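**Student:** Take this sequence and fold it.
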Amino acid sequence: MARTLIFIPSYFDFVRVRNHFRKNELNFAQICEYTSQPNISRARHHLVKGTRHLLLYTERFHFYHRYKLKGVRHIVFYQLPTYPQFFSELCNMIDNRSTNNFNCSIIYSKFDAQRLAGVVGTERCSRMLSSDKDTHLLVTGT
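**Tutor:** Numbers count the residues shown, from 1 in each chain. From the prediction side, this is the model:
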């Protein structure tokens with residue numbers, strides 16, 4: 001999955017994932033609240049050009065800066081955002097003009113019920129958490 005944005009709310013999880021990617025020598029870029037402006041520009045450039053396949057992105061950086069990242073084709077939520085409106089803001093970053101191959105994936109557990117309810121609503125959240133299925137498809141209206 002080229003041009004994938006991995007959204008990570010916690011800085012501690014960000015460091016854990018970053019160190020894992022470095023250990024396995026994966027081709028990735030990173031943007032967090034401690035990243036300098038030249039490195040932010042460089043990471044955004046790599047994402048647009050496709051020279052880096054993955055971009056690690058923290059919630060705190062998004063909270064303070066709200067950049068519109070171009071070239072994103074896939075989003076993986078390592079954990080749902082603390083603020084539910086961030087979910088739609090990030091999903092709207094997906095560049096769906098260039099290809100039909102784009103998606104948004106969420107990794108969640110029963111411990112993420114409060115954040116999941118903020119995104120999908122309490123009724124759907126309870127159905128998703130009590131379901132026997134491990135994959136759910138959310139379709140938005142047009």
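**Student:** which other residues reach the helix or strand bottoming out on mean pLDDT in the chain?
**Tutor:** One helix or strand of the chain scores below all others by mean pLDDT, DSSP states H and E: strand 103-106, with a mean of 90. When contacts are defined by CB atoms under 8 Å, 6 or more residues apart in numbering, strand 103-106 is touched by residues His74, Ile75, Val76, Phe77, Leu80, Leu90, Cys91, Ile94, Leu116, Val119. No exception for glycine: its C-beta is placed from N, CA and C like everyone else's.
**Student:** before we move on, what about stretch 42-60?
**Tutor:** Residues contacting stretch 42-60 (CB under 8 Å, 6+ apart): 1-11, 14, 17-18, 21, 26-33, 35, 67, 69-72, 81-83, 86.
**Student:** Give me the PyMOL select line for those residues, limited to the buried ones.
**Tutor:** In PyMOL, this line selects whichever of those come out buried by 16 or more other CB atoms under 10 Å:
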select buried, resi 3+4+5+6+7+8+9+14+17+18+21+28+29+30+31+32+35+69+71+72+81+86
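**Student:** Just the contacts of stretch 42-60: which are in strands?
**Tutor:** Among the contacts of stretch 42-60, the members found in strands (DSSP state E) are Thr4, Leu5, Ile6, Phe7, Ile8, Phe28, Ala29, Gln30, Ile31.
**Student:** what residue ranges in the protein are flagged as low confidence?
**Tutor:** 98-99, 140-142 (pLDDT under 70).
**Student:** Check the chain and tell me which residue is nearest its centre.
**Tutor:** Here the mean C-alpha position of the chain is nearest to the C-alpha of Phe7 (CA atoms, centre = their mean), at a distance of 3.0 Å.
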